[in-house]
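Peer 1: Below: sequence and its predicted model.
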Amino acid sequence: MGINSNFVENFLHNLKSDPDQNTWQQVSEKMKNYYGNNIYSSWFRNFHFTNKSQGIIFFSVATDFIKEWILTNYSDKILSFWREFDSSIFSIEINVVDSVNAVTDSHSTSMTPHESPQKPKKNLKVLNPIKQNSDLPINTHTIENINTENFNPKLDKRYTFDTFVTGKPNDLAFAASKKVSENPIPEHDSNPLFLYGGVGLGKTHLMHAIAWNTSTKFQNKKIVYLSAEKFMYQYITSLREKSLMSFKNYLRNIDMLMIDDLQFISGKDNTQEEFFHTFNTLIDQKKQLVISADRSPSNLDGVEERIRSRLGWGLVADINPTTFELRIGILQSKAERFNINISQEVIEFIAQHISKNVRELEGALNKVIAHSKLTNSEINTEYVAEVLSDLLCDNQKHMSIDIIQQSVANYYNLTVTDLKSKSRVSNITKARQIAMYMSKKIVNSTLPNIGKKFGGRDHSTVIHAINKISSLMNDDPNLNKEVSNIIKHLK
């Protein structure tokens, strides 16, 4: 029986005129661009928007497994993208239906192209261990039933040991990483190597550096570097493609396994089971494991105790937040690599104000350099403050005059009450003026507000204090050092 042409016309008309359907099409494109074709086609091929009601968007899928997977891993991003077009949406619901391939009404459509992804070809010859943007010789081999390209991400050429700036917060992690990359056979006291620290402190840099250095020194070594999310995705894909044994055999016949952001497998029981057995096999075979996470093994909530205990078998190295000195070193190193002449005053200004992590610090310097080149402007503290105003404001949210007062008082063995008092004793006056200066330069508070916080002083007194300290810092290295020390200990 043929399809009625009027039905088709009405269906297409409804599809085009439905604003919610149009929103879904735009969200679909964003999802595809964000996650890439592989994940997009694997998980959203039969994922359908059905309707919207009372702040909830409804979708349908074919199985409970797909429903749970999407809810766990992708629902937040779907909701975030949708809210860019419709802020009234606050939740997502997914229903399992017998057949989501058939169009049941004008609100149902597929998110992805109709073509199914091709299954990996047998005897596929691929590059191994890691796809690199370099001329390094790479070992090749053949594997049955699995596309090993999925295990070999590109490494960032910028992330080497030579470009990693060291200091007290990361000395141990750096030394351990270099040692692991230079050992032909893993040593018991550093296998596994577990690196942990907050976002943007250098874990991924060290992971890439290990892979670069190892593949350079030992060109026949087979190295696999995966994020924990990618490990889980490949594991689930192997189950779906009925190639689990190939997955197991591949990962258990390599020389080094590197897993980034292990905290991602928290609560993923089946993935943890597979990781546990892979871990044991490689350790038994004296193969190297390098793992990173955002917290120590003992604090990996949702990860099985047997895994957490094994992660502590070797060397656990933390990467702490940067110190003022380390931030200066990082900025100087990056400026040298760019062959850009930046004054010490500007370097210290950025280091004082951008202190969250290395990633934000380097991003701030990149922004300053790019703006300077585009506008042909001189890089000084005033220019930097203008260019980085958004970042400085964000960081200032975490700082206050109260914190500055307490830090200055502690440094000079005074009390906050002393700073707010009318006392003109020289050491108290000096500390008060420094605190006022920092309140303006770091918090960028208004003059009246600063005066109010310092015992109700008028704005002219505040201006005098700021100008005096600013002038003295140009000529007095000891005062410079004192102010820098106070800034380093701000909390």
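Peer 2: Arrived safely.
Peer 1: wait, what's in contact with the residue nearest to residue 458 when sequence neighbours are not counted?
Peer 2: Setting aside the residues directly before and after it, residue 458 is nearest to residue 451 in space (Cβ to Cβ, 6 or more residues apart in numbering), at 5.7 Å. (Each C-beta comes from the backbone N, C-alpha and C, glycine too.) Applying Cβ atoms under 8 Å, 6 or more residues apart in numbering, we find residue 451 in contact with 457-459, 461-462.
Peer 1: Name the helix or strand for residue 433, please.
Peer 2: Using DSSP states H and E, residue 433 maps to helix 426-441.
Peer 1: Just the contacts of residue 451: which are in helices?
Peer 2: Where the contacts of residue 451 overlap with helices, as defined by DSSP state H, the overlap consists of 459, 461-462.
Peer 1: What subset of those residues is buried?
Peer 2: With burial judged by 16 or more other Cβ atoms under 10 Å, the buried subset of the ones in helices among the contacts of residue 451 is 461-462.
Peer 1: Any chance of the ones in helices among the contacts of residue 451 in a markdown table with pLDDT and distance to residue 364 as columns?
Peer 2: Shown next, in a markdown table, are these (pLDDT from 0 to 100; distance: Cβ to Cβ, whole Å):
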| residue | pLDDT | distance to residue 364 |
| --- | --- | --- |
| 459 | 86 | 30 |
| 461 | 91 | 33 |
| 462 | 91 | 28 |
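Peer 1: Tell me the one of the ones in helices among the contacts of residue 451 nearest residue 330?
Peer 2: The nearest member of the ones in helices among the contacts of residue 451 to residue 330, counting by Cβ to Cβ, is residue 462 at 33.3 Å.
Peer 1: Pretty sure the closest one sits against residue 437.
Peer 2: No. Taking Cβ atoms under 8 Å as the definition, residue 462 is not a contact partner of residue 437, at 9.3 Å.
Peer 1: List the buried residues of the host helix or strand of the residue nearest to residue 458.
Peer 2: Per DSSP H and E, residue 451 falls inside helix 447-453. Using 16+ other Cβ under 10 Å as the burial criterion, the residues of helix 447-453 that qualify are 447, 450-453.
Peer 1: quick one: the strands in this protein?
Peer 2: 48-53, 56-61, 91-96, 124-127, 140-143, 193-197, 223-227, 256-260, 288-293, 315-319 (DSSP state E).
Peer 1: Can you point out the buried residues in stretch 461-474?
Peer 2: 461-462, 465-466, 468-469, 472-473.
Peer 1: roughly how far out does stretch 157-169 sit from the chain middle?
Peer 2: Relative to the chain's own centre, stretch 157-169 is displaced by 17 Å; criterion: Cα atoms, centre = their mean, to the nearest Å.
Peer 1: Not counting it itself, show me its contacts.
Peer 2: By Cβ under 8 Å, 6+ apart, the surrounding residues in contact with stretch 157-169 are 133-134, 170, 174, 177-178, 181, 201-202, 204-209, 212-213, 319-323, 325-326, 329-330, 333, 337.
Peer 1: For it, buried residues please.
Peer 2: Quick answer for stretch 157-169 (16+ other Cβ under 10 Å): 159, 161, 164-167, 169.
Peer 1: how long is it from one end to the other?
Peer 2: Across its full length, stretch 157-169 reaches 24 Å end to end, with Cα to Cα, to the nearest Å as the criterion.
Peer 1: Could you list the low-confidence segments of the stretch 251-400 of the chain?
Peer 2: Within the stretch 251-400 of the chain, the set of residues satisfying pLDDT under 70 comprises 392-398.
Peer 1: switch to 50 and redo it
Peer 2: For the stretch 251-400 of the chain, no stretch is flagged by pLDDT under 50.
Peer 1: And for the stretch 51-200 of the chain?
Peer 2: Across the stretch 51-200 of the chain, the stretches falling below the confidence threshold (pLDDT under 50) are 99-146.
Peer 1: would you list the buried residues of helix 447-453 in JSON lines and tack on pLDDT and distance to residue 256?
Peer 2: Shown next, in JSON lines, are the buried residues of helix 447-453 (pLDDT from 0 to 100; distance: Cβ to Cβ, whole Å):
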{"residue": "447", "pLDDT": "86", "distance to residue 256": "59"}
{"residue": "450", "pLDDT": "92", "distance to residue 256": "56"}
{"residue": "451", "pLDDT": "92", "distance to residue 256": "61"}
{"residue": "452", "pLDDT": "92", "distance to residue 256": "60"}
{"residue": "453", "pLDDT": "92", "distance to residue 256": "56"}
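Peer 1: Domain-wise, how is this protein divided?
Peer 2: Under the assignment named as automatic domain parsing, the residue ranges that make up the domains of the chain are 5-96, 124-319, 324-394, 401-488.
Peer 1: Contact partners for residue 235?
Peer 2: The contact partners of residue 235, by Cβ under 8 Å, 6+ apart, come to 247, 270-271, 274.
Peer 1: Return the subset of those lying in helices.
Peer 2: Those of those mapping onto helices are 247, 270-271, 274, per DSSP H.
Peer 1: Got a quick PyMOL command for the buried subset of those?
Peer 2: A single PyMOL command suffices to select whichever of the ones in helices among the contacts of residue 235 are buried according to 16+ other Cβ under 10 Å:
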select buried, resi 247+271+274
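Peer 1: nearest to residue 343, of the ones in helices among the contacts of residue 235?
Peer 2: residue 271 (50.4 Å).
Peer 1: In this structure that closest one contacts residue 265, no?
Peer 2: Yes. With contact defined as Cβ under 8 Å, residue 271 counts as touching residue 265 (5.0 Å).
Peer 1: all helices of the stretch 51-200 of the chain, in order?
Peer 2: In chain order, the stretch 51-200 of the chain shows helices spanning 64-73, 75-83, 171-182, with DSSP state H, counting those that start in this stretch as the criterion.
Peer 1: State the distance from the residue nearest to residue 458 to residue 471.
Peer 2: Taken as Cβ to Cβ, to the nearest Å, the spacing of residue 451 relative to residue 471 amounts to 20 Å.
Peer 1: Check residue 204 too.
Peer 2: Counting by Cβ to Cβ - residue 204 and residue 471 are separated by 43 Å.
Peer 1: likewise residue 80?
Peer 2: As it turns out, when the distance is counted by Cβ to Cβ, residue 80 lies 49 Å from residue 471.
Peer 1: now do residue 415
Peer 2: In this view, residue 415 and residue 471 are 27 Å apart by Cβ to Cβ.
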